[in-house]
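> I need the structure of the sequence given here:
(2 chains)
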Amino acid sequence: MEGAFSYAPAIAAFPLVAFVVALTFGKWLPKKGAIPGIAATAGSLLFSLWMLAAVASGEVYHETLYEWTAGAAASEVGTEGIDFTFGILIDPLAALMLVIVSLVAFLVHVFSLGYMNAEGETGLPRYYAGLGLFTFSMLAFVYADNLLMAFIFFELVGLCSYLLIGFWFRTRSAPSAAKKAFLVTRFGDYFFLIGVVAIAATFGTVAFAGDDSFVAAAETAINDGDTLFGFDAQTWVTITGLLVLGGVLGKSAQFPFHTWLPDAMEGPTTVSALIHAATMVAAGVYLVARMFGYYALSPTTLAIIAFVGGFTALFAATMGVVKDDIKQVLAYSTISQYGYMMLGLGVGGYVAGVFHLMNHAFFKALLFLGAGAVIILMHHEQDMWKMGGLKDKAPVTYYTFLAGALALAGIIPFSGFWSKDEILYDAMIVGLEEPVILAAYAMGLAAVFFTGFYTFRMVFLTFHGEPRSEAAEDPHSIGWAVKAPLITLGVLALVAGVANLAPVAKIVGADITFLEHWLDGEYGAVEGLTYSAYGELVAYETGVIGSEQLTVLIAAGLSLLLAFSGAGLAWKLYNVPEPVPYKDRLGTVGDAAEANYYQDEYQVWLANGLTRPVARAADRFDQTVIDGTVNGVSTASLFGSSWMKRLQTGIVTNYAALLVAGFIGLLLVLGLYGGWFL
Amino acid sequence: MAVFELPGWTALAPALILAVTGLVLFVFDSISPNSTNRSLLAGTAAGGALVSLAVAVWFTFAGVGTPTVDGGLGEISILGGQLVVDQLALYFMIVVAIVTALITVASYDYLVDHTYQAEYYSLIILAATGMSLMAAANSLVTIFIALELASLPSYALVAILKDNRGSVEAGLKYFLIGALSSAIFVYGISLVYGATGHLQLENIAAVISGGDVDGYGGLLGLGILMLIGGFAFKTASVPFHFWAPEAYEGAPAPVSAFLSSASKAAGFVIAFRVFTTAFPLGETTALIGVEWTHAFIILAIVTMTVGNFAAATQDNVKRMLAYSSIGHAGYALIGLAGLTADGGEFVMGAAMMHLLVYGFMNTGAFLFVGLAERWEVGRTFEDYNGLSTQAPVACAAMAVFLFSLAGIPPFGGFFSKFFLFMGAIEASAETTAMLAVAAALVVNSALSLYYYSRLVKALWIEEPSTTRDRLAQPTGLYAAIIVAAVMTVVILPGFGPVVDTALEAATAIVG
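Coordinates of the predicted model:
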């Protein structure tokens, strides 16, 4: 396994090549670029699995590949000089994420054959080039070994999602949604960039791992009680951590930056699957996990992460309840699920958060691809009220979708249950000591009910009952390219939970928490980037109710109970031959949820009421003061020019006179100055 | 080491080759004044210039003039130090030879209906001989003789279109201003001689350092100032610039190119040599009470400003280029303004680089005007509208020249101007006034972009205002323009040797 890591750059390079190929030759290729894309992501997947195996055999990889600039400036903590490099860091977390990303990207490419090629879309080379670049950016982001490199690829991920969300650029809504996604995430990334600069200026390094990482430097500074930029070290770490968190909130669509994500459904459904499961949105949470050591140093930041996560989980789930478009429901479920991951990480549950990130990648990719299949079946109809009865006509789609839904709703024994339960358990034991976390936990718990409800409302409206439109009565057929990815992901959604059966382990005392061992570096690990190392840093007290086993049972029981009651309510209301909307009965609450709690409105108001006047004032300043100065200079220059021209009279005696006069003038100046006439 | 040692005077070969070529053409002219064998005449002239160039380049690489401590053959002094061949001399001989070669090749087409072919070429080559000698002149008397040798043929060249009123008038004006300037210059020489008792530059420096001139500081200062007047005339610097717009506009375009590039460079080389060799800054300042660099600071700022401002609103392309050439003289003057008592080789080297790059870009620009005159499209910006549709190659070359003149990367003009700017900033550590020079450089460059891009806009963006016949593609002119354009571009990757050569030459003379 020694040599495996020297092939690591190829993981990201394959999709980059596919991008170039699709862009340049896509038009002439048989499947318009799909084949190179599939081959490249398959290659990435194989290599990622190889890396996973290498890490499992106890190796890790941390290597600087290219130094693109170095500076000599001393940092705030006194480090001399700073290097900006490109390097690769493959530890258990990165290896796991590489596999997830390349697997989902591969399946999305395969699915695209059925979703895009078979449907006769135009502009396919552009589509596959976008997918290739997207995959490349995300893979490079995942194994970036420093914050600046991560930032660069983070931005590239944002750019690619812009390009793909706006794929159907001839419609009115898609370009607008693409712009919104770009601008909202850019707003968050603005803080991220300041955070990167602040961290670089403070610690003189942006490396994630090793003795010269900014995490280690921050820990030293806190232990030494340093004062950084006028703040004590702990506060400064909190400030910089929150700045970086700005980018995370934007990308992972956490409140209040979640507004771009539902609109992003304008992109092709395959793109949504990629964005939600493995790339764009996952990037934010992955970044928190990547630099978890840094956040662990600051309890304030962790609490904020947990609270925002819990709130977003509930907030988005309530909005998902009233949506009629199948993709919209999934969009809000994504926001909500990433809220859970943030909650998990925020309470110090590093394993739980990463576990949910993994499971969610599988079942959300499954659900989006399933929704894509439904959309093919329904001749591009997305309104659930026009569906119904697809269960018998498309059994593969139905059963795989159901597996995804059960995982999403957190029904035992599907994968989502295990990870969500672990997050809630971690939140609960901390919450017993910390009131803020308890509030976050309560919100997360309440969201379980809504999740169960909207998930099964979606399933019942789509697949059960009587067909409610002609399209639903006579669905389009789907091919193997659609079914194969669904089956693969369906199986994963069912069994992925086996990776970390923490509650079972705690109750029966069996040693079956494989993921925890994996992330704790029992195989290969980079020092300092392990679960137990983080555990020492996190300053939370934990409590139990009675014994640990009892607490586990209470936590699991509560969340299962809520999930079942949500699902049951949906069963009762919607699993009937002719379901009807109940939204009107919700009154103003329903209206508010339908309108997304007026989040867009207030952001538009902010833009109109605050940004626009400021921009207008800046514009006026530019138009009058700046332009005025510039125009004044040019007017003065032209005036001066015409005056200068007049010196040249064309009469040679004038020239002689001016020449002598000029000479005498110079003579007088220098002569008086030098004292020649004395 | 060479197996055999050439006699010392052969070091002057680049100038001597030009002199012989000039005489050959002169003899030809005496025998057959009305010959129109253009190929033979232009070929001879261009051949002489190219051989001179080749020899000068060979000498540079062979180490002629390189100080012996650097492993070279040492400076070679001829006629008891009246002439000297060192790196500075060879560098400017190269510049002169390049411009002469370009001009003679281009003139092949330009003079197609001209009556006095042989006369024209012999005058060009004789003037070039004078300029080449100026590079080597090392005593005030040889400097004056070389300067007149360059000037007198130039007057005749400007007036060579004998039936053209503008040409003749310009020639006369040039001559009158030239006579006045020469008078001032020679008067300055006599004052310096009166104060120091020497004409040879090293001897003057020795006398000044020896303290034998004490009490005659004012006299010496006045003499120095008058010498500056002579250099200012040759380099077309304010206030001795009045001849330039008229002469450049009236003269045939290749002659304008010749005067504004080679003649200017030659004027700078004598200024560089005289002021670094004869008047060491520290001792001279003690004597005359004021640093002579201050005169150059004033001249540089005023020259840049007058040149560029006057160029900004011209309607006539050739006149615009004439004023821009005055502005560039101002830039090159920074090389002298930035000298300090114990250094300044960097800024002087930058000025030398600028003069070399300028030799390509400015010559090329004037030759394009010559091409336009040959096409008879007219003289104003408006007349040039839309030429690119008919002559894209020449217009692309012209765009290269103009952007390079404005100092836009990646062309050669950017780098030399950038080095000048850096040199000025460096020198400001000693002399605060150099900051004003640097600022003037930036402001004037910005302004120059305005009028240069006006011409590019006319060529490339505007629609032709009148319909034109098919434009001829004269081989010689095109070849010269394209060579100049290619050199303006490739001088960038090849800038390393140029920088080294210029800096070495500057270091040798300053240090």
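
> Could you use CA atoms for every contact and neighbour count after this?
OK.

> longest strand of chain A?
Among the elements of type strand in chain A, defined by DSSP state E, the one spanning the most residues is strand A:61-74.

> got the buried residues for that strand?
Of the residues in strand A:61-74, those buried under the neighbour-count criterion (16 or more other CA atoms under 10 Å in any protein chain shown) are A:61-62.

> which residues are contacting the helix or strand just after it?
Elements were assigned by DSSP states H and E; along the chain past strand A:61-74, the next helix or strand is strand A:80-90. Contacts made with strand A:80-90 from outside it, assessed by CA atoms under 8 Å, 6 or more residues apart in numbering or on different chains, are listed as A:8-9, A:51, A:60-75, A:143-146, A:148-149, A:200, A:204-206.

> follow-up on the earlier one: ok, the longest strand of chain A: who's next to it in the sheet?
With DSSP bridges as the test, strand A:61-74 is paired with strand A:80-90 (antiparallel).

> which residues sit in contact with residue A:245?
Counting by CA under 8 Å, 6+ apart, residue A:245 has contacts A:191-192, A:288.

> Can you show me the helices along the stretch 351-500 of chain A?
A:390-393, A:395-409, A:415-431, A:435-463, A:470-473, A:480-495 (DSSP state H, counting those that start in this stretch).

> swap in the stretch 1-150 of chain A?
A:8-25, A:34-56, A:92-112, A:124-142, A:147-165.

> any chance of the helices of the stretch 351-500 of chain A in a markdown table, with mean neighbour count too?
Below are the helices of the stretch 351-500 of chain A laid out as a markdown table (neighbours: other CA atoms under 10 Å in any protein chain shown):
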| stretch | mean neighbour count |
| --- | --- |
| helix A:390-393 | 18 |
| helix A:395-409 | 25 |
| helix A:415-431 | 28 |
| helix A:435-463 | 25 |
| helix A:470-473 | 17 |
| helix A:480-495 | 21 |
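
> and of the ones you listed, who's closest to chain B?
When these are compared by CA to the nearest CA, helix A:480-495 sits nearest chain B, at 52.0 Å.

> returning to what we had before: tell me the mean pLDDT for the longest strand of chain A?
Strand A:61-74 carries an average pLDDT of 83.

> and if you look at stretch A:10-21?
Here stretch A:10-21 scores 92 as its mean pLDDT.

> Chain B contacts on chain A?
A:637-638, A:640-645, A:648, A:650, A:652, A:655-656, A:658-659, A:662-663, A:666-667, A:670-671, A:673-677 (CA under 8 Å from any CA of the partner chain).

> mind listing what residue A:342 touches?
By CA under 8 Å, 6+ apart, the contact set of residue A:342 is A:285, A:305-306, A:308-310, A:353.

> what's residue 459 in contact with, if anything?
This is for chain A. Applying CA under 8 Å, 6+ apart to residue A:459 gives the contacts A:402, A:405.

> Correction: the question concerned chain B.
Contact partners of residue B:459, counting by CA under 8 Å, 6+ apart, are B:384-388, B:395.

> what's the answer for residue B:96, then?
With contacts defined as CA under 8 Å, 6+ apart, the neighbours of residue B:96 are B:128, B:131-132, B:262-263, B:265-266.

> can you pull out the strands in chain B?
Secondary structure of chain B (DSSP E): strands located at B:76-78, B:83-85.

> Looking at those strands, which is nearest to chain A?
With CA to the nearest CA as the measure, strand B:83-85 is the member of the strands of chain B nearest chain A (29.5 Å).

> Off-centre distance for that closest one?
Taking the mean of its C-alpha atoms, strand B:83-85 sits 19 Å from the chain's own mean (CA atoms, centre = their mean, to the nearest Å).

> Name the SS class of the residue of the stretch 201-350 of chain A found nearest chain B, please.
Checking the stretch 201-350 of chain A residue by residue against chain B with CA to the nearest CA singles out residue A:201 as nearest, at 29.1 Å. Three states are possible here, and by DSSP: H, G, I helix; E, B strand; the rest coil the one that applies to residue A:201 is helix.
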